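Participant: structure for this input, please:
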Amino acid sequence: MFSVLKRNRVAWLAAGLVIGLAASLMIGGLWPHTPLHAVGGDRTSTFAMATGPIDDEVEAVFFLDFLTGNLSAVVLGKQGNRFTNFYLYNVLRDLDVDPSKNPQYMMTTGMIAVRRGAARMQPSMAAVYVAEVTGGRVAAYGIPWSKSAYATGQVVPPQPLIPLAVTRFRKVEAPAGGAGAAPGT
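Facilitator: Okay, the predicted model is just below:
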């Protein structure tokens, strides 16, 4: 029997390749195709930046200036030779930050699925989350997005980022034995 297998090894190799290809096509056709969205971020002692998906194939770059509380974002145009969308918002009031008390920030992005109406400017897929850790608050912001303006290469006038939600993520003790606020207030 071993000699039969040895003589027909080319046939067995071909059969194995055909079966492997068929299985791969069958599994590939049945397996759900989930897009992978990677984001990146970096920071210095007074500045942070991160990327986040705006639409299916578009991302924004978010910047947070720790000294001023200015949160901004830009989107590279469809041609790749200029930025076409600009956004700005100051987070100090939302996070109840006193800039003179050395605030400590963290920033990251994520994907959201908020309701979209019929308006030209729709909420994007991205949310940017900014936390101020000494006060224990976090806020989420969205981007007003026009898929049609992006597709045609239009430069969109600067827009404000949209505050979505603010909450506490930890209890902060008040000085001199006072009680801090509870999470979610």
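Participant: make it CA atoms for all contacts and neighbour counts henceforth
Facilitator: Fine.
Participant: which stretches of the protein form strands?
Facilitator: Ranges of strands in the chain, per DSSP state E, are 41-43, 47-55, 58-65, 70-76, 83-90, 105-111, 122-132, 137-145, 159-160, 162-168.
Participant: so which residues make contact with the second one?
Facilitator: Taking contacts as CA atoms under 8 Å, 6 or more residues apart in numbering, the residues outside strand 47-55 that touch it are 37, 39-43, 59-66, 106-111, 124-128, 143, 145, 147.
Participant: please pick the buried ones from those.
Facilitator: With burial judged by 16 or more other CA atoms under 10 Å, the buried subset of the contacts of strand 47-55 is 59-66, 107-111, 124-128, 143, 145, 147.
Participant: where does this structure have low pLDDT?
Facilitator: 1-7, 21-39, 114-122, 173-185 (pLDDT under 70).
Participant: quick one: Gly41 from Met106, how far?
Facilitator: 11 Å (CA to CA, to the nearest Å).
Participant: if you could redo that for Val91, that was the one I meant.
Facilitator: For Val91, the distance to Met106 - CA to CA - is 12 Å.
Participant: Thr84 too?
Facilitator: 26 Å.
Participant: for Val172, same thing?
Facilitator: Applying CA to CA to Val172 and Met106 gives a distance of 17 Å.
Participant: got it, and Ser72?
Facilitator: The gap separating Ser72 from Met106 is 15 Å, by CA to CA.
Participant: what sits against the residue lying closest to Val155 once chain neighbours are set aside?
Facilitator: Leaving out its chain neighbours, the residue that sits closest to Val155 by CA to CA, 6 or more residues apart in numbering is Thr84, at 4.4 Å. For Thr84, the contact set (CA under 8 Å, 6+ apart) comprises 74-77, 150, 153-156.
Participant: outline the domain layout of the chain.
Facilitator: 1-33, 41-177 (automatic domain parsing).
Participant: highest average neighbour count across those domains?
Facilitator: Neighbour counts (mean count of other CA atoms under 10 Å) averaged over each of the domains of the chain peak at domain 41-177, with a mean of 17.
Participant: show me how far that one is from its chain's centre.
Facilitator: Centroid separation for domain 41-177 versus its chain: 9 Å, with CA atoms, centre = their mean, to the nearest Å.
Participant: just confirm Val155 contacts Asn85, I think it does.
Facilitator: Yes - if you go by CA atoms under 8 Å, Val155 and Asn85 touch, sitting 6.2 Å apart.
Participant: for Leu95, phi and psi?
Facilitator: With angles defined as degrees, to the nearest 10, Leu95 sits at phi -100, psi 0.
Participant: tell me how far it lies from Ala165.
Facilitator: Counting by CA to CA, the gap from Leu95 to Ala165 is 11 Å.
Participant: so what sits against both of the two?
Facilitator: By CA under 8 Å, 6+ apart, the residues touching both Leu95 and Ala165 are Ala139.
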